[in-house]
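Asks: All I have is the shape, not the residue letters:
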């Protein structure tokens, strides 16, 4: 597991490689919830999402010999960009297994960072099989997208900054897919602001974390086409263990609520967030009855959208 | 005309009613231009655009008797919202003449601020006729959208802040429609950073300012359907006089270049800007040969877009 000291060390380790992102507010969304909302803007992070934090933290802890072999992972999007950029910055090579149907701008960005893309079918089985083949052929070190202590700790540094900049939050909301961000957030709150509750939010269409917490066992995610493309994964054993211990509840939100929250953030705050980030905003709106009068942190996890495929009407 | 002291007084007068907006940078757009670009983010301004500055400055200079009569204007968009909000904040009433085809979100915002909307046909003639009727019926004071010294000075406070935060800029680019922002920017540079050149940028499809500067006479704008809906107006005598004296050149940009610049800002900077703001970015890209190696301020004038009618493909 991870100690408070590990967390502080990770934050210092990655500081030169990531932005300390700003915190914004929005009166109209706060009024709607009846709470004071503060938004941690990881959409302004390098690669456009928090994932660079975990990737850099993981790569920085490889030995020289390991870095010499290169790194590899499978990812449909932001972790792919994150590992590609981390590898470039830290003088190693990245090979990324990506489903054929990944968002175009994300693929282009991965290539732009100098990584090699290996296509796979958009199924978890083929992702894993293709990655195993890549690891065998290249000897590269696998950097998992979420189920890894270094990755979890790195992702949690976003919440650590939020807690430092906005002390005394009653609640922090974060979206949950594989659980890297949520478990990192929960550990950051546990170590640095133990009175702060942490709530996970996920699409109804991908409610595996909700069901896992209910049943006490990791529930697989069946095929989903939620618009929140960053959240189409199930928990891992490490992220689940942390979430089970430190997350007070999981809220689920409908696809309509996700798009509505995304629209509100774009229109009112004038910032671009991706659907997965909107999930946390939708969660705050949905949980308004329990958040009334409180100070609420919301982690806007990323801003990578395909502008040619927006969910708004014409 | 306006003195340096007027400018400083205006800035102090409006300070409590407007945001001091942040300045952002973007490495990829800077690299593309080969210059150091700094963006003054008036898309984060109240009402989502710089126009609140001029409207507040104008309304604050009305006598108690005049404020008692209310204010009125014609505007297709941001000035309408600006005057509506200024009126609400300063305890007077606003009546806004708006073309029937105005962007929906802008009309809703105007109503939301408590102003009365009077519809007109989308022609300049009918806008003016309808406004005259409104002024006659209500006795309200006309607050012009741009051709007014108080409005011009108010708009120029954005550039004054930019100059204060980023001293020593070689150039500032601003979009030009009626010329309120551009003439205010030019005066701010003249008073507070006289070595800084000011360049106006406008759509090729609405190149009246370019032609006016060429010919030395205000050239009317024929019917245009440029996507930059904030720039579909001709210069006024006051804005033209300032632009003629203090603006070094006008650059025109194509509709394609506007959309491309808008896409780059959304994708890379993760902020929402409207097409009129993208015009200035497109100007910087177009003028790259003359800006190379320089420090360039770009005024992002606003972020009010109709998300249901975006110019991106699917």
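Replies: Cool, the structure landed. What you see is a predicted model; the values in this text were computed from it and never measured. Numbering: from 1, shown residues only, chains lettered A, B, ... in the order given.
Asks: Would you mind listing the buried residues in the longest helix along chain A?
Replies: Assignment by DSSP state H gives helix A:149-165 as the longest helix of chain A. Neighbour-count burial for helix A:149-165 flags A:149-163 (criterion: 16 or more other Cβ atoms under 10 Å in any protein chain shown). Glycine gets a C-beta too; all of them are placed from N, C-alpha and C.
Asks: just these now: which is nearest chain B?
Replies: Among these, residue A:158 lies closest to chain B (Cβ to the nearest Cβ), at 15.3 Å.
Asks: So for the residue in the stretch 101-250 of chain A positioned nearest to chain B, what pLDDT did the model give?
Replies: In the stretch 101-250 of chain A, the residue that lies nearest chain B is residue A:105 (6.7 Å; Cβ to the nearest Cβ). pLDDT for residue A:105: 77.
Asks: quick one, what contacts it?
Replies: Residue A:105 makes contacts with A:304-307, B:267, as judged by Cβ atoms under 8 Å, 6 or more residues apart in numbering or on different chains.
Asks: so what's the residue minimising distance to the centre of chain A up against?
Replies: Closest to where the C-alpha atoms of chain A average out (Cα atoms, centre = their mean) is residue A:181, at 4.5 Å. With contact taken as Cβ under 8 Å, 6+ apart, residue A:181 is in contact with A:50, A:146, A:155-156, A:158, A:174-175, A:299, A:301.
Asks: out of everything not next to it in sequence, what's closest to the residue in the stretch 151-300 of chain A positioned nearest to chain B?
Replies: Per Cβ to the nearest Cβ, the residue of the stretch 151-300 of chain A with the smallest distance to chain B is residue A:270, at 3.9 Å. Excluding the flanking residues, the one nearest residue A:270 by Cβ to Cβ, 6 or more residues apart in numbering or on different chains is residue B:303, at 3.9 Å.
Asks: The one you found contacts residue B:47, doesn't it?
Replies: No - shown here, residue B:303 and residue B:47 do not form a contact pair, counting by Cβ atoms under 8 Å, at 10.0 Å.
Asks: Read off the pLDDT value for residue A:314.
Replies: pLDDT, residue A:314: 53.
Asks: meant to ask about residue A:224
Replies: 82.
Asks: ok but it is inside a strand, no?
Replies: No - read with DSSP: H, G, I helix; E, B strand; the rest coil, residue A:224 is coil and lies in no strand.
Asks: residues near it, how many?
Replies: By other Cβ atoms under 10 Å in any protein chain shown, 16 other residues sit near residue A:224.
Asks: Got the phi and psi for the closest residue to it other than its chain neighbours?
Replies: Nearest residue to residue A:224, sequence neighbours excluded (Cβ to Cβ, 6+ apart): residue A:206, at 4.5 Å. Main-chain dihedrals, residue A:206, degrees, to the nearest 10: phi -150, psi 60.
Asks: can you give me the helices in chain A?
Replies: Along chain A, counting by DSSP H, helices occupy A:4-14, A:27-33, A:51-60, A:64-69, A:78-89, A:104-112, A:124-138, A:149-165, A:180-192, A:208-215, A:237-246, A:255-264, A:275-286, A:288-291.
Asks: mean pLDDT lowest for which of those helices?
Replies: helix A:104-112 (a mean of 87).
Asks: Flag every buried residue along it.
Replies: A:105-107, A:109-110.
Asks: Is any residue of stretch A:294-301 near chain B?
Replies: No - no part of stretch A:294-301 sits close enough to chain B to count as contact by Cβ under 8 Å from any Cβ of the partner chain; the gap is at least 9.6 Å.
Asks: Give me the buried positions along that stretch.
Replies: In stretch A:294-301, the ones that count as buried by 16+ other Cβ under 10 Å are A:295-301.
Asks: Can you tell me what sits against that stretch?
Replies: A:33, A:35-43, A:49-50, A:158-159, A:162-163, A:166, A:168-175, A:181, A:185, A:196, A:230, A:265, A:271, A:273-274, A:276-277, A:280-281, A:284.
Asks: can you check stretch A:155-162 too?
Replies: In contact with stretch A:155-162 (Cβ under 8 Å, 6+ apart) are residues A:7, A:10-11, A:14, A:18, A:20-21, A:23, A:38, A:40, A:42, A:45, A:50-51, A:53-54, A:57, A:146, A:169, A:172, A:174, A:180-181, A:183-189, A:192, A:297, A:299.
Asks: Among the residues you listed, name the buried ones.
Replies: A:7, A:10-11, A:14, A:18, A:21, A:23, A:38, A:40, A:42, A:45, A:50-51, A:53-54, A:57, A:146, A:169, A:172, A:174, A:180-181, A:183-189, A:192, A:297, A:299.
Asks: Distance of residue A:101 relative to residue A:76?
Replies: Taking Cβ to Cβ, to the nearest Å as the measure, residue A:101 and residue A:76 are separated by 8 Å.
Asks: Which one's more surrounded, those two?
Replies: Taking other Cβ under 10 Å, residue A:101 and residue A:76 do not tie; residue A:76 has more neighbours (22 against 11).
Asks: That one and residue A:98 touch, don't they?
Replies: Yes - contact criterion Cβ under 8 Å: residue A:76 and residue A:98 qualify, at 6.6 Å.
Asks: Can you find the residue of the stretch 1-150 of chain A that comes nearest to chain B?
Replies: residue A:43 (4.7 Å).
Asks: For the residue lying closest to that residue once chain neighbours are set aside, which residues are in contact?
Replies: Nearest-residue entry for residue A:43: residue A:303, 2.9 Å, with adjacent residues in sequence omitted and distances by Cβ to Cβ, 6+ apart. Residue A:303 is in contact with A:43-44, A:48-49, A:271-274, A:277, B:270, counting by Cβ under 8 Å, 6+ apart.
Asks: Which pair of the residues you listed spans the longest distance?
Replies: Across these, no pair lies farther apart than A:49 and A:271, at 13.4 Å, counting by Cβ to Cβ.
Asks: Cheers, nothing more for now.
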